[in-house]
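**Student:** My questions concern the predicted model and sequence given below.
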Amino acid sequence: MKKQTTYIHGGISHDEATGSVNVPIHHTTTYKQDKVGVHKGYEYSRTGNPTRAALEQLIADMEGGVRGFAFASGSAGTHTIFSLFSKGDHVIVGDDVYGGTYRLINKVLKRLGLTFTVVDTSVANDVKKAIRPETKALFLETPTNPLLKITDIKTVAALVKEREILTIVDNTFATPHHQQPLHLGADIVLHSASKYLGGHSDVVAGLVTTTSETVADDLAFLQNAIGGVLGPMDSWLVQRGIKTLGIRMDAHERNAKQIVDYLVNHELIEKVYYPGLIDHPGHEIAKEQMTGFGGMVSFELKEGLSGKAFVESLELITLAESLGAVESLIEIPALMTHGSITPEDRLKTGIKDELVRLSVGIEDIDDLIEDLNRGFDQL
């Protein structure tokens, strides 16, 4: 099946028992057993739920994995993935990742004995130099959050695979519509499904899939043991959102390209970050491994200008954390999504106080640009 068809008909897309074209929402904690240990495939809803199972099969079909896993949030999925490793294991992690991932690593996982080396994963040689005998995984985002840096997945995955190191890719920004890391050599793919996959700012969820049956078995054990699973109602909402993923992503990108054209010529803008720009670092790699450049745009105001004043003066574009929804969302990474990162580490990465991150929605483009004009007039 083609992508858009998979979004609608992939996984378990209907109910065999009744013919319903939507998967039923199974609000149950437990399941009747015919005899001790004899059941119809489900025994307790932390371990498995039919509504969740439909979504889990769908993300596996969309990304090309052998099995999928749905979690109560992207962070819960990330934590479960890192639980594959043991005290003393080493992980190479990208230097520009979601602030919540940074917080999980530095405030929780290091305390439990995992070790990490932060590198710019867009530089393959830096990844190679960071490898140790105890290295078990490479964790990266591409495009990154919020600077939209691009990593050549095929190159770095092949590099670490020689040492039997897992490549884990957070594919939240690109989505399977624009990028399929498993087909490029990655072993595990992660999504904050609260973002583009859900698409409507009405559900918090995380999705994971893998190409390895062994890793899938381990993740299934950890998902059940840790218990951060997605509930049936939220599973249904994410699956409903995915049905329109293709048309939404195309609309996000159309608007984003026009906003980028507007921003690059604005006198109050120092720099625009967007993989679709010819001079964006990694543009050629993005063209090769992605089918589109997505709807995320970051831009830096001229030094000394107040990003806070800018975003607070907008009327249509919503000042809020999160991204990937039908409505446009804007934020200041240094003060909001990446506030848990120390100022020193933020500046080292390139996240300045003047940096603004815009998740471009699917509103009328003229209304969006009019609202941006309002913000610049305020400055």
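**Tutor:** All right, it came through fine. Residues are numbered from 1 along each chain as shown.
**Student:** and the gap between Leu355 and Tyr262?
**Tutor:** 18 Å (C-beta to C-beta, to the nearest Å). C-beta: built from backbone N, CA, C; applies to glycine.
**Student:** Going along the chain, name the helices of the stretch 151-300 of the chain.
**Tutor:** Per DSSP state H, counting those that start in this stretch, the stretch 151-300 of the chain carries helices over the ranges 153-161, 175-178, 213-226, 232-242, 245-264, 283-289.
**Student:** any idea which of those helices is most buried?
**Tutor:** helix 175-178 (a mean of 26; mean count of other C-beta atoms under 10 Å).
**Student:** residues making contact with that one?
**Tutor:** Outside helix 175-178, the residues that touch it by C-beta atoms under 8 Å, 6 or more residues apart in numbering are 3, 59, 62-63, 191, 196-197, 245-246, 249, 290-294.
**Student:** If we use 7 Å, what do you get?
**Tutor:** Residues external to helix 175-178 that are found in contact with it (C-beta atoms under 7 Å, 6 or more residues apart in numbering): Lys3, Met62, Glu63, Tyr196, Leu197, Leu245, Gly246, Met249, Met290, Thr291, Gly292, Gly294.
**Student:** Report how many residues lie close to the first one.
**Tutor:** Meaning Lys3. Neighbours of Lys3 under the rule other C-beta atoms under 10 Å: 16.
**Student:** how far away is it from Thr175?
**Tutor:** 10 Å.
**Student:** for the last one, same thing?
**Tutor:** As judged by C-beta to C-beta, Gly294 and Thr175 stand 8 Å apart.
**Student:** what's the answer for the second one, then?
**Tutor:** Using C-beta to C-beta, one obtains 9 Å as the distance from Met62 to Thr175.
**Student:** cool, and the fourth one?
**Tutor:** From Tyr196 across to Thr175, the span is 5 Å (C-beta to C-beta).
**Student:** Now Ala137: which helix or strand?
**Tutor:** Here Ala137 is covered by strand 135-141, with elements defined by DSSP states H and E.
**Student:** In the sheet, which strands lie alongside that strand, parallel or antiparallel?
**Tutor:** Neighbouring strands of strand 135-141 in its sheet, by DSSP bridges, are strand 90-94 (parallel), strand 166-170 (parallel).
**Student:** contacting residues around the first one?
**Tutor:** The one in question is strand 90-94. Against strand 90-94 from outside (C-beta under 7 Å, 6+ apart): 85, 105, 114-119, 121, 127, 130, 132, 134-141, 144.
**Student:** Grab the nearest non-local neighbour of Pro181.
**Tutor:** Distances taken as C-beta to C-beta, 6 or more residues apart in numbering put Val169 closest to Pro181, at 3.9 Å, once the chain neighbours are dropped.
**Student:** Excluding residues flanking it in the chain, which one is nearest Ser313?
**Tutor:** Distances taken as C-beta to C-beta, 6+ apart put Gln378 closest to Ser313, at 3.8 Å, once the chain neighbours are dropped.
**Student:** Summarise which helices and strands the helix or strand of the chain with the lowest mean pLDDT is packed against.
**Tutor:** Least confident helix or strand, the chain: helix 343-349 with a mean of 78, by mean pLDDT, DSSP states H and E. Judged by 3 or more C-beta pairs under 7 Å, 6 or more residues apart in numbering; DSSP states H and E, helix 343-349 is in contact with no other helix or strand.
**Student:** so how far is it off the chain centroid?
**Tutor:** Distance of helix 343-349 from the chain centroid (C-alpha atoms, centre = their mean, to the nearest Å) equals 22 Å.
**Student:** pLDDT (mean, whole number) over the helix or strand just after that helix?
**Tutor:** As assigned by DSSP H and E, the chain's next helix or strand after helix 343-349 is strand 355-359. Mean pLDDT, computed over strand 355-359, is 97.
**Student:** residues making contact with the helix or strand following strand 355-359?
**Tutor:** Downstream of strand 355-359, the first helix or strand assigned by DSSP H and E is helix 365-378. Residues from elsewhere that reach helix 365-378 (C-beta under 7 Å, 6+ apart): 255, 258-259, 262, 266, 268, 309-310, 313-317, 328.
**Student:** Could you export helix 365-378 as CSV, CA atoms only?
**Tutor:** What follows is helix 365-378 as a C-alpha-only set of coordinates in CSV (Å, rounded to 0.1, in the frame of the first residue of the first chain):
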residue,chain,number,x,y,z
ILE,A,365,-1.3,31.5,4.9
ASP,A,366,-2.4,35.1,4.6
ASP,A,367,-3.8,35.1,8.1
LEU,A,368,-0.6,33.6,9.5
ILE,A,369,1.7,36.2,7.8
GLU,A,370,-0.6,39.0,8.9
ASP,A,371,-0.2,37.8,12.5
LEU,A,372,3.6,37.6,12.1
ASN,A,373,3.6,41.2,10.8
ARG,A,374,1.8,42.1,14.0
GLY,A,375,4.6,40.7,16.0
PHE,A,376,7.3,42.4,14.1
ASP,A,377,5.4,45.7,14.3
GLN,A,378,5.4,45.3,18.1
